[in-house]
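>>> Sequence isn't available, so here's the structure alone:
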């Protein structure tokens, strides 16, 4: 089955790659063997999608980002320009590289990783969480958490729409949430 997608002429897509309908891959990007990219994604300038990486529908990956093997982006994830994903918890040039897949990362549905943020491998980013520009994530991030700083610490909560919550209510769309234990839940 043929897909209707766009790959800029100066980008490179290896064999054995799936690219969904409506996806656009821009200048100087490289999609490696075994990668799976969903529908309606935007892959910016100078992006590397590593071997066997899974990217869900409706994701945006801005310029100058490398998504390494072992990283999964669920649908509707936004990755800002220059965001960094580490691919080894024990980085040594001379050592065996086989350990790099021991620390996978999942960026869950609707989450945002801001420009120049760093995500250390082995930690997951929860649904609709927001990582501030320049933050360094060195722990798992709960759903809807707003994280900032070095190392990143939770500084608030965000709505599905991305607005910062005030007293567990979104000032933009009106959604209401409640805190149950340490998890934020939508009020039906």
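Right, received. Where do you want to start? Keep in mind that this is a model prediction, so the values were computed, not measured.

>>> show me the residues around residue 34 that make contact.
By CB atoms under 8 Å, 6 or more residues apart in numbering, residue 34 lies in contact with 16, 17, 51, 52, 53. C-beta coordinates here come from the backbone N, C-alpha and C atoms, glycine included.

>>> Which of those sits closest to residue 141?
Taking CB to CB as the measure, residue 141 lies nearest residue 53 of these, at 19.8 Å.

>>> quick one: pLDDT of residue 62?
You'll see residue 62 listed with a pLDDT of 98.

>>> That one reaches residue 79, doesn't it?
Yes - counting by CB atoms under 8 Å, residue 62 sits close enough to residue 79 to count as a contact (6.3 Å).

>>> Show residues contacting the helix or strand of the chain with the lowest mean pLDDT.
Every helix and strand of the chain was ranked by mean pLDDT, DSSP states H and E. The lowest is strand 183-186, at a mean of 93. Residues from elsewhere that reach strand 183-186 (CB under 8 Å, 6+ apart): 142, 143, 144, 145, 157, 160, 168, 175, 176, 177, 178, 179.

>>> CSV for those, including pLDDT and neighbour count?
Output for the contacts of strand 183-186, formatted as CSV (pLDDT from 0 to 100; neighbours: other CB atoms under 10 Å):
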residue, pLDDT, neighbour count
142, 97, 17
143, 98, 19
144, 98, 26
145, 98, 24
157, 98, 21
160, 97, 17
168, 97, 17
175, 97, 15
176, 97, 13
177, 97, 20
178, 96, 10
179, 95, 11
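
>>> State the distance from residue 83 to residue 155.
18 Å (CB to CB, to the nearest Å).

>>> what would the contacts of residue 34 look like in JSON lines with distance to residue 185 and secondary structure?
JSON lines is the format used below for the contacts of residue 34 (distance: CB to CB, whole Å; DSSP: H, G, I helix; E, B strand; the rest coil):
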{"residue": "16", "distance to residue 185": "41", "secondary structure": "coil"}
{"residue": "17", "distance to residue 185": "38", "secondary structure": "coil"}
{"residue": "51", "distance to residue 185": "37", "secondary structure": "coil"}
{"residue": "52", "distance to residue 185": "33", "secondary structure": "coil"}
{"residue": "53", "distance to residue 185": "31", "secondary structure": "coil"}
